[in-house]
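# Show me the folded form of this:
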Amino acid sequence: MRKIELRDFLDFKHLSQLKVKDKNAIYVETVMNADDNVYESDLYQISEITIKTEDNTLYHTGDSKRKRLTNSKDVSNFIYTDKDTILFASMRDPKDKERAKNGESFTSFYELHTKGGEAIKAFEIPFPVSDIKFIDSNTYIVNVSYDLRYTPMLEDGKKEEVAKAKNANKDWEELTKIPFVQNGGDYIGYAVSRLYLYTRDTNKLTAITNTYENAYILDVSKDKEKVLFATSKDVAKPSMKEGLSQVNLKDLSVEELVKESEYSIATAFYRSHDILVLANKETPYGINENVKFFSYANETMTLLSNPDRAFGNSVGSDVRYGGGFNMKMLNDTLYILSTETCTCNLYKLTADNHFELVLDVDGSIDAFDTEDGQDFYYIGLIEQNLQEIYKNKKAITHINTTLDDAYVATPEIVTYKNEDYDMEGYVLLPKDYDPAKSYPAILDIHGGPKTVYGKVYYHEMQVWANQGYFVFFTNPRGSDGRGNDFMDIFGKYGTIDYDDLMVFTDEVLKKYPAIDTNRLGVTGGSYGGFMTNWIITHTDRFKVAATQRCISNWVSFYGTSDIGFYFAPDQNKGDIFSDKGIAKLWEHSPLKYISNVKTPTLIIHSDKDYRCPLEQAEQLFTALKVLGVESKMVVFHGDNHDLSRSGKIQSRIKRLSEITDWMNAHL
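Here you go, the predicted structure:
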């Protein structure tokens, strides 16, 4: 078997946005163009192969064929408008590209018949559109980004005035709300998420919500007469509570169902007898607490169940790009993905509120769809395979072939116990492993902290295993998939989670004596970056470290992150408004203990990372240099917190090369 190379990931195909209609599956396939340093995404169709028998009936062979539908390289999502027609946003017209380049904001939509023909421009919305729902062939509901400074002028047809105003304001920003930035984006001092009704025959947009609230589409009723949406009316400082409203499409009247001050609402769906709401009312476990099921009927919210289960997919990997359905309502049954321990499986909540397993896999269901609740199509990371499309556990594609002839290490399970918890971690053996030899090893720590490592393919780890490293990883307390109590490290960052990682490390070293204890490295990103910083300030057992998109100082993080004003107090039980609160934030800051560091440390960060801002890395780097600790910092221009997963392609190559070279040089 050949060795996996760092640049192999350039040949991976990323699958997302899977949707099924009449047994035809359409999805987005994204490839990397390393020469131009861009991702290219287009639509593909997977159709079942059928043959006609002697009596002229159709027989499904179980095989499938794959057909490319678009070639514009910029299609990231789509919706069905009927069983043979899809609608998607694209910037394929050269004139549109020039308009966008000159600063004009709009979204062009194209229509395509899936049985043949070219995509035809259907209509244009004069806003950036974040979501669109089909009502009928003439009517759509759209979520748009509304700029309070410039959009009113555009609505009055004053394009030239907008251009002049933007030019006059180009050298400064006016900020009116928090958060005032978004990760990887720009300042958002005047942006509002607004709902509109678009009527195609008249090319008319009618506002549903106001300019003083943010609104997000949740669901459309089965009869297409009403639309559910969440609202947040305090745009200056979000309350972390949402209201629930609905609009009657016959007269566009809006009805408030649940007041904004009461619930934190994740999503909601119409059922024939009520509205199913996934929400929390009280959150003793903080903002990351697992949501509960509520029923809204007769103007009352009633708690149905509290399964204490993580909904959605939090199984980490660096070989995904794009999303898709993680829940879907069908015939009063909610189909929903749920992360448990180290896998992501499909469950359902029935009309009579019973919770049942639908599909369990050895890996991760990344996105799914079903038409009938019988046949389930999904994009999966199964075992150590790259993404493929599956139908009821059978792979119906073989798209990713890059690693067919390569050594892909299979995770070996290591069990350990700390305090009252039985825990599990994983070890990748180095290529051509010989237990009589001695090997270096790398501890890799996940982000979140409310995510998990699973037994799915992770490229950076496989690269290191192929270079001769043991790679080991686990899900310490704070991780997802094991309920609220296990997830609860609030006010305890760097204590019980650190203990879990050290106990796990001890167990790995005991089980694998071929690991050289003098050649241990540690790395991680986001929360994993925080924990890498914590480790090097509390032990010198690791001979080298690479900290990525990290947090080093919770006090300064408070006012500079796009989530800092609520995340720092929530996670650490401290604030900046009292000496006691500051002391609590500082207690959990690795920078407080920086004088203990002896470990050579590489710092990886991006200057558009507004989740864990660059100043976190800069403080750490400066302190290490002042203390004379061997250190290096690499800053990536224009990239954000998601550098390792969706950053610029050449930057992703550079990042992994830097970490690998740093480990090699010291281990």
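
# what separates the helix or strand where K95 lies from the chain centre, distance-wise?
Assessed by DSSP states H and E, K95 sits inside helix 94-101. Averaging C-alpha positions (Cα atoms, centre = their mean, to the nearest Å) puts helix 94-101 29 Å from its chain's average.

# Could you do stretch 318-329 as well?
Put simply, stretch 318-329 sits 8 Å off its chain's centre (Cα atoms, centre = their mean).

# Okay, strands next: where are they in the stretch 251-400 of the chain?
Secondary structure of the stretch 251-400 of the chain (DSSP state E, counting those that start in this stretch): strands located at 253-270, 275-280, 292-297, 300-305, 310-311, 327-330, 333-340, 343-349, 355-359, 363-369, 377-382, 388-391, 394-395.

# Need those in a markdown table (columns: mean neighbour count and distance to D404).
Yep, even glycine has a C-beta here, placed from its N, CA and C like the rest. A markdown table is the format used below for those (neighbours: other Cβ atoms under 10 Å; distance: least, Cβ to Cβ, whole Å):
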| stretch | mean neighbour count | distance to D404 |
| --- | --- | --- |
| strand 253-270 | 17 | 39 |
| strand 275-280 | 22 | 40 |
| strand 292-297 | 19 | 43 |
| strand 300-305 | 14 | 44 |
| strand 310-311 | 23 | 33 |
| strand 327-330 | 17 | 33 |
| strand 333-340 | 22 | 28 |
| strand 343-349 | 21 | 24 |
| strand 355-359 | 14 | 25 |
| strand 363-369 | 25 | 18 |
| strand 377-382 | 25 | 15 |
| strand 388-391 | 20 | 12 |
| strand 394-395 | 10 | 13 |
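
# Make JSON lines from those strands and add distance to L197 and mean pLDDT to it.
Formatted as JSON lines, those follow (distance: least, Cβ to Cβ, whole Å; pLDDT from 0 to 100):
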{"stretch": "strand 253-270", "distance to L197": "12", "mean pLDDT": "96"}
{"stretch": "strand 275-280", "distance to L197": "21", "mean pLDDT": "98"}
{"stretch": "strand 292-297", "distance to L197": "23", "mean pLDDT": "98"}
{"stretch": "strand 300-305", "distance to L197": "27", "mean pLDDT": "96"}
{"stretch": "strand 310-311", "distance to L197": "30", "mean pLDDT": "96"}
{"stretch": "strand 327-330", "distance to L197": "22", "mean pLDDT": "98"}
{"stretch": "strand 333-340", "distance to L197": "27", "mean pLDDT": "98"}
{"stretch": "strand 343-349", "distance to L197": "31", "mean pLDDT": "97"}
{"stretch": "strand 355-359", "distance to L197": "35", "mean pLDDT": "96"}
{"stretch": "strand 363-369", "distance to L197": "26", "mean pLDDT": "98"}
{"stretch": "strand 377-382", "distance to L197": "31", "mean pLDDT": "98"}
{"stretch": "strand 388-391", "distance to L197": "35", "mean pLDDT": "97"}
{"stretch": "strand 394-395", "distance to L197": "42", "mean pLDDT": "96"}
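
# Tabulate those strands in CSV, adding columns for distance to H641.
Shown next, in CSV, are the strands of the stretch 251-400 of the chain (distance: least, Cβ to Cβ, whole Å):
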stretch, distance to H641
strand 253-270, 21
strand 275-280, 25
strand 292-297, 29
strand 300-305, 34
strand 310-311, 21
strand 327-330, 25
strand 333-340, 20
strand 343-349, 22
strand 355-359, 31
strand 363-369, 20
strand 377-382, 21
strand 388-391, 28
strand 394-395, 32
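
# mean confidence for the helix holding K95?
For helix 94-101, mean pLDDT rounds to 93.

# cool, stretch 423-443 as well?
For stretch 423-443, the mean confidence score works out to 98.

# and it, which residues are buried?
By 16 or more other Cβ atoms under 10 Å, the buried positions in stretch 423-443 come out as 423, 425-431, 439-443.

# ok, back up a step: do you know which of the strands of the stretch 251-400 of the chain lies nearest V142?
Each of these has some distance to V142 by Cβ to Cβ; the shortest is strand 253-270, at 15.9 Å.

# what angle sits between that closest one and strand 292-297?
140 degrees (axes from the mean of the first three to the mean of the last three Cα atoms, to 10 degrees).

# Adjacent strands (with direction) for strand 253-270?
Here strand 253-270 is paired, per DSSP bridges, with strand 242-248 (antiparallel), strand 275-280 (antiparallel).

# Which one, of those strands, ends up nearest to L10?
The nearest among these, by Cβ to Cβ, is strand 275-280 at 38.1 Å.

# Give me the contacts around that closest one.
228, 244, 257-258, 263-270, 289, 291-297, 301, 304, 311, 329, 334, 349 (Cβ atoms under 8 Å, 6 or more residues apart in numbering).

# That one: how far from the chain's middle?
Remark: strand 275-280 is offset 21 Å from the chain centroid, using Cα atoms, centre = their mean.
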